[in-house]
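Peer 1: Let's see this in three dimensions:
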Amino acid sequence: MPQGPSAGRARKRFGQHFLHDPAVIERIAAAIAPGSGDALVEIGPGRGALTGRLLESDCGTLDAIEIDRDLAALLRERWGGEPRLTLHNADALRIDFGALARQRGRPLRVVGNLPYNISTPLLFHLLQSVLHIKDLHVMLQREVIARMAARPGDSAYGRLTVMLWPWVQVERLFDVGPGAFQPPPRVWSAVARLTVRPEPPFAVSPAFPGIVAAAFSHRRKTLRNALRGLATAEQIERCGVDPGTRPETVSPALFNAIAGAVELPSSPR
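Peer 2: Numbering: from 1, shown residues only. You can find the predicted model right below:
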């Protein structure tokens, strides 16, 4: 087991805050409720507080993805003999989750105390493999969870809300205080369940990501101004949307209608 000065210590560059509260760990495990044969994937296991609890279930496999090589060594030392556990000392942003699901022969159930500094890019990366994922249970900064679960007109409603909506149903489960972590973060966290929809409620236009990104890059602008050069006021209006409205009031379906009315290069979800 590594004995160097950095072994097991939180590193700021990885945004590490280690969950240690047994009550919170048990509450997360209960929310996940691993079933027999489930293919679990834990992103950022850290010191393994939740990892051990997941391995107490009758899950089929557990793939743990840890970028910190010292922590990966600690986990390998502790559970190296557990046949259900596969440890990946890797960046989750570089993992092909679709390929991993094919290896496991079933959709993945993703779990993670996601690093706050890469939470949104990581969620977008996971969306690229959404057809190979059953659900996600994630702990993030409370404000990020609020954005994920927001409704049109809410102050938290934004790009993340709209991009997630066609693919997953978001359920905010509970808040977690700073004291549940070591070291304590300066913000509160929250846990959410993202259940992958059997199919999107509308055929997602290839232009959808570009339209949504452009609209929310200028939140204070009207749609007419935010989408200038991408969609005309007439195109927006033909979709049943007032060009003078602000993006935070427009539903995901209407954003998709606008995207379908214009031509933009296809871009990743």
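
Peer 1: what ranges of this protein fall below the confidence cut-off?
Peer 2: For the chain, the stretches flagged by pLDDT under 70 are 1-16, 263-269.

Peer 1: Run through the residues that contact Ala39.
Peer 2: Cys59, Gly60, Thr61, Asp63, Ala101, Arg104, Gly105, Arg106, Pro107, Leu108, Arg109 (Cβ atoms under 8 Å, 6 or more residues apart in numbering). Any C-beta I mention is one placed from the backbone N, CA and C, and that applies to glycine too.

Peer 1: excluding its backbone neighbours, what's nearest it?
Peer 2: Using Cβ to Cβ, 6 or more residues apart in numbering and skipping residues adjacent in sequence, the residue nearest Ala39 is Arg104, 3.9 Å away.

Peer 1: Which ones among the contacts of Ala39 lie within strands?
Peer 2: Thr61, Asp63, Leu108, Arg109 (DSSP state E).

Peer 1: Going along the chain, name the strands of this protein.
Peer 2: Ranges of strands within the chain are 18-19, 39-43, 61-65, 85-88, 108-113, 133-141, 168-176, 181-182, 189-196, based on DSSP E.

Peer 1: The fifth one to strand 61-65, inter-axis angle?
Peer 2: It stands for strand 108-113. Interaxial angle, strand 108-113 versus strand 61-65 (axes from the mean of the first three to the mean of the last three Cα atoms, to 10 degrees): 40 degrees.

Peer 1: Residue nearest the middle of this protein, spatially speaking?
Peer 2: Within the chain, one residue has its C-alpha closest to the average C-alpha position: by Cα atoms, centre = their mean, that is Leu123, at 3.3 Å.

Peer 1: Check the ones in strands among the contacts of Ala39 against Pro115 and report the nearest one.
Peer 2: Minimum separation from Pro115 among the ones in strands among the contacts of Ala39 (Cβ to Cβ) is found for Asp63, which lies at 17.5 Å.

Peer 1: Now for that closest one: which residues touch it?
Peer 2: Ala39, Leu40, Val41, Glu42, Leu85, Thr86, His88, Leu100, Arg104.

Peer 1: still on that earlier bit, is it correct that the residue nearest to the centre of the chain is in contact with Leu164?
Peer 2: Yes - with contact defined as Cβ atoms under 8 Å, Leu123 and Leu164 form a contacting pair (7.1 Å).

Peer 1: Show me the contact partners of stretch 136-145.
Peer 2: Contact with stretch 136-145 is made by 19, 28, 31-32, 109-114, 116, 119-120, 123, 126, 148, 156, 160, 168, 172-173, 175-176, 185, 187-194, 196, as judged by Cβ under 8 Å, 6+ apart.

Peer 1: oh, I was asking about stretch 244-253
Peer 2: So stretch 244-253 is contacted by 152-155, 157-158, 161-162, 165-166, 201-202, 215-216, 219-224, 226, 241 (Cβ under 8 Å, 6+ apart).

Peer 1: How about stretch 179-195?
Peer 2: Applying Cβ under 8 Å, 6+ apart, the contact partners of stretch 179-195 are 10, 17-21, 24, 27-28, 31, 113, 116, 134-143, 145-146, 148-149, 164, 168-178.
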